[in-house]
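> generate a structure from the sequence data that follows.
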Amino acid sequence: MFYFINNISYNYSEGVLTKKEQEIKLTNKQKKLLNYFIDNPNKILSKQTIMEEVWGRIITENSVDQFISTLRGYLEDNPSSPQLLITHFGKGISLDARVELKKQIKQEQQQLKISGSSVSVVTLLVIIILAGLYFFQNSDEKPEANLLSEVDLGKGNKVLVLPTAFEGEQISLIEQKGIHEVLKSIFTRTASEGQVLFDETSQTTNQSIEKHWRLEKSLLVIQTKIIKDGGIYKSTIELSNGVRTIQKKQLSSANLNDLLNEQINYIASISKADNKASAIAQSPSQLYIEALGYKQKGDLEKAKSLIEKILLKKGDYFQARLTLAELLFSLKKYDESLAQLETLKSTSAYKIIGAEIELTRAKIHHIKHDYQKIIADLTNYQLNNLEINEIKKAKIKLMMGDAYYGLSDFKNSMHNYLNSVENINENLNPLLYSKSYFGQAISLQTSSIGKRTFALFEKAYEYARISGNINLQVKPLNEMANILFSQYKWEEAVTIQKQALALMELDNNQFETAKGLGTLAGILNQRGHFTEAKEINDRLGRKAKELNADILQLQYLRYDAIIALNTFNWEHAQRQSDAQLALAIKTNNLGMKLDNAFIEFELRLIKKDTKDFLQKWDESKELITKNGLERYQIYLDLYLARYYKAINKDKKAIALIQSITEKALVSNDYKIIVDAHNNLAEIYFKTDPKQSLSILNNIEQYNPHPNPYLDLKAKALHLLGNDVEALSILNQAKKVYNESWTVEIQTLYEEIQQSIK
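Numbers count the residues shown, from 1 in each chain. Next comes the predicted model:
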């Protein structure tokens with residue numbers, strides 16, 4: 001949608017202002033703020049309201065003022081004396097401007113620069129369209145009868161249901177939230193899922209229509225307005241094709257739940273969705289509407305209490321029981337949730353909402369790491385329900401992919417992730433595409449972290465962004481940051497990680513925020529900021545306890561052990577490593593078992609404890625081979641090379657490092673190449689420091705981490721008698737090593753200084 005704000009042109013969807021032929025691209029938050037003012041022109045908006053509607057949370061008033069000031073700089077001719085964005089002291093801020101929607105025909109003329117002959121054709125078409133609309137609006141016949149004939153309702157139209165608009169204050173906010181949630185749950189649980197769509201991300205009706213209609217012009221759009229007039233609820237349902245009204249329907253009822261049931265039946269009839277949708281609605285009660293309102297608000301305990309009251313009176317209310325199972329799952333009461341689902345399996349509801357029952361059961365079994373059961377149950381369900389639609393099939397394949405990934409069967413996980421969206425419209429189902437690409441990426445990541453893996457994560461992020469799902473945006477961003485770190489692309493990695501952390505904060509997602517803290521702790525640790533890394537990791541540890549999340553506790557123990565290694569606190573590192581191994585065994589987390597083995601090898605090599613090293617190495621190799629984790633073999637091989645170096649079997653170490661380098665080049669793991677060649681340079685210090693320097697110079701192409709690369713290069717130069725350059729390099733190192741500047745490096749530094757004197 002395009003607007004004029006006085007004489008300033010504004011692209012509402014893209015957030016682009018055009019003022020005096022100069023384009024200004026707004027940030028996402030600036031766009032959201034300006035769009036909110038446009039949706040409420042010439043209306044005083046309190047800062048509290050702006051915070052809630054634009055940020056979704058309370059922030060400082062100073063932050064709001066800063067954003068307002070920035071917008072004034074873009075909009076006002078004289079920002080110090082604003083004429084558009086006006087502050088009303090003690091009340092709020094208003095957009096005092098003439099806000100007009102640009103006419104579509106005019107916009108098309110401007111963009112296409114239509115020639116004179118073309119204009120006449122367009123003008124004629126406009127006249128015909130306007131005349132037709134005038135005829136329909138003034139005809140004695142009902143307009144819907146004529147216009148409906150243009151729509152083939154027998155083909156199963158896809159319908160976009162916009163959030164219901166409410167007038168007056170007699171319908172509570174909880175009821176308003178509940179109505180939308182009831183509609184959404186009805187049409188996403190049945191076999192016809194995907195026929196009826198719900199917009200969750202657009203800020204306005206116009207924005208929603210523009211976004212979806214641009215992607216799929218065959219969509220029908222349903223807008224509903226509800227008002228309570230005395231004791232009667234009145235509803236106006238407008239069906240359009242995104243451009244003009246096709247039908248208007250008036251409904252009224254003495255209670256909200258009956259009105260909602262009529263809406264459900266109307267939507268089902270227009271979309272030709274499976275008529276089972278209305279069957280499982282069972283005339284949603286007032287309590288059920290309120291329960292889903294509280295669920296959407298985030299008050300899960302209140303929602304659960306209301307659902308339990310409903311089921312005490314009406315135990316066969318299938319929708320309510322499935323909602324209770326979902327609430328119990330969200331509350332981490334997995335066995336109770338499973339019990340509700342087993343009850344549903346034994347009822348006639350299973351024929352209607354069986355896919356959702358099985359998918360929810362699968363999520364619980366996934367948490368319990370019972371991957372084989374997931375595969376068996378979902379395979380059996382598909383064999384006995386061949387008629388389920390493509391959306392349900394996609395969800396099942398994604399869950400199967402997760403299960404195979406949990407079993408480290410990456411070939412089958414890739415197969416399921418790849419095929420999950422085979423027959424899915426990417427424009428209408430970006431969420432499924434995001435999950436598919438993310439699954440493909442993590443499956444491929446076990447063998448390579450090259451360009452293809454990174455590109456898959458990029459696609460996963462892009463589709464998640466289109467869908468508006470913040471959680472699914474964060475996950476690929478974290479993985480992309482980790483890949484960039486492993487390839488020593490520090491600046492790009494930090495930028496992406498900051499982007500991910502900002503999204504986590506915006507979404508207030510405690511679990512993903514905790515994971516982000518772990519990634520940040522790892523970055524700080526690698527950069528030598530051990531004290532700050534310890535503080536960040538301790539925050540992760542506290543969140544892991546609050547959330548009672550084993551995977552977060554494993555991450556905390558891992559980073560805490562590594563930080564302790566870097567600060568020479570061997571005993572603490574050993575304690576944390578032992579705790580990590582015990583928890584990894586308890587939760588059957590193969591990745592963390594392997595990671596623990598690496599920490600153990602690091603401890604042994606640092607302390608020069610090589611007893612039983614080969615036995616432990618063989619055990620880790622078996623773990624890798626057994627579980628298809630081939631990519632991690634080169635990490636294990638590097639520990640073996642370092643072991644050979646420690647016991648002075650240099651020829652074996654050199655040969656193994658050569659093999660590691662060849663494998664790492666295939667998987668694009670530059671970090672392992674740098675680490676391996678740093679060790680190779682140390683081996684040649686004994687016999688050929690010139691060769692050491694050549695090796696170190698050669699790894700410059702991989703933009704190596706400065707620690708220990710710089711002090712090793714300085715040592716090689718010192719051994720070759722080039723102390724001036726060696727001192728210069730150590731001075732560089734001193735600026736970036738931070739807490740990695742060890743006693744040994746300081747001793748070398750002082751020795752070189754003495755040599756120069």
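> ok, now how distant is residue 360 from residue 378?
For residue 360, the distance to residue 378 equals 12 Å [CB to CB, to the nearest Å]. The way it works is simple: take the backbone N, C-alpha and C, and place the C-beta from them, glycine included.
> and these two? which has more neighbours close in?
When neighbours are counted by other CB atoms under 10 Å, residue 378 comes out ahead of the other of residue 360 and residue 378, with 23 against 20.
> and the more buried one, what pLDDT?
Among the per-residue scores, residue 378 holds a pLDDT of 95.
> with residue 615 instead?
92.
> can you tell me how far it sits from residue 641?
17 Å.
> compare the two (neighbour count), which wins?
Shown here are residue 615 and residue 641; by other CB under 10 Å, residue 641 has more neighbours (25 against 8).
> hmm, residue 661 and the more buried one touching each other?
No. Because the distance of 10.6 Å does not satisfy CB atoms under 8 Å, residue 641 is recorded as not touching residue 661.
> host element of residue 78?
Residue 78 is part of no helix or strand, with elements assigned from DSSP states H and E.
> near it, how many other residues are there?
The local packing of residue 78 (other CB under 10 Å) involves 8 other residues.
> nearest spatial neighbour of residue 3, skipping sequence neighbours?
On the basis of CB to CB, 6 or more residues apart in numbering, the spatially nearest residue to residue 3 that is not a chain neighbour turns out to be residue 10, at 4.7 Å.
> equivalent analysis for residue 79, please.
Excluding the flanking residues, the one nearest residue 79 by CB to CB, 6+ apart is residue 72, at 4.3 Å.
> now residue 675
Ranked by CB to CB, 6+ apart and with sequence neighbours excluded, the top spatial neighbour of residue 675 is residue 638, at 6.3 Å.
> what's the pLDDT at the residue lying closest to residue 101 once chain neighbours are set aside?
Using CB to CB, 6+ apart and skipping residues adjacent in sequence, the residue nearest residue 101 is residue 3, 5.9 Å away. On the pLDDT scale, residue 3 is placed at 79.
> roughly how far does residue 3 sit from residue 39?
Counting by CB to CB - residue 3 and residue 39 are separated by 10 Å.
> the residue nearest the centre of the chain and residue 438: what is the separation?
Among the residues of the chain, the smallest C-alpha distance to the mean C-alpha position (CA atoms, centre = their mean) belongs to residue 472, namely 1.8 Å. Distance of residue 472 to residue 438, given as CB to CB: 7 Å.
> what touches both of these two?
Taking CB atoms under 8 Å, 6 or more residues apart in numbering as the criterion, residue 472 and residue 438 both touch residue 460.
> same for the host helix or strand of residue 340, what does it pack against?
Here residue 340 is covered by helix 334-345, with elements defined by DSSP H and E. For helix 334-345, the contact count by 3 or more CB pairs under 8 Å, 6 or more residues apart in numbering; DSSP states H and E identifies helix 318-330, helix 350-367 as packing neighbours.
> okay, domains of this structure per the record?
2-101, 104-140, 142-287, 299-368, 390-508 (automatic domain parsing).
> point out where the stretch 1-150 of the chain drops to low pLDDT.
Counting by pLDDT under 70, the stretch 1-150 of the chain shows low-confidence ranges at 1, 56-63, 80, 89-90, 102-150.
> go with 80
Screening the stretch 1-150 of the chain residue by residue with the criterion pLDDT under 80, one finds the ranges 1-3, 13, 20-22, 28, 48, 52-53, 55-66, 78-81, 88-91, 100-150.
> so which residues of the chain form strands?
Defined through DSSP state E, the strands belonging to the chain, from first to last, are 2-5, 8-11, 16-19, 22-25, 85-88, 92-95, 99-101, 159-161, 165-167, 196-198, 220-229, 232-240, 245-253.
> out of those strands, flag the one nearest residue 712.
strand 22-25 (45.6 Å; CB to CB).
> pretty sure residue 267 is touching residue 187, no?
Yes. Here residue 267 lies in contact with residue 187, judged by CB under 8 Å, at a distance of 7.0 Å.
> so where's the stretch 201-350 of the chain shaky on pLDDT?
Those would be 201-219, 230-231, 241-244, 268-269, 271-284, if you go by pLDDT under 80 across the stretch 201-350 of the chain.
> thinking residue 580 is in contact with residue 557, fair?
Yes. The pair residue 580 / residue 557 is scored as a contact, 3.9 Å apart, by CB under 8 Å.
> gap between the nearest residue to residue 691 once chain neighbours are set aside and residue 412?
Of all residues beyond its chain neighbours, the one nearest residue 691 is residue 684 (4.5 Å), with distances taken as CB to CB, 6+ apart. Noted for residue 684: a distance of 45 Å to residue 412, by CB to CB.
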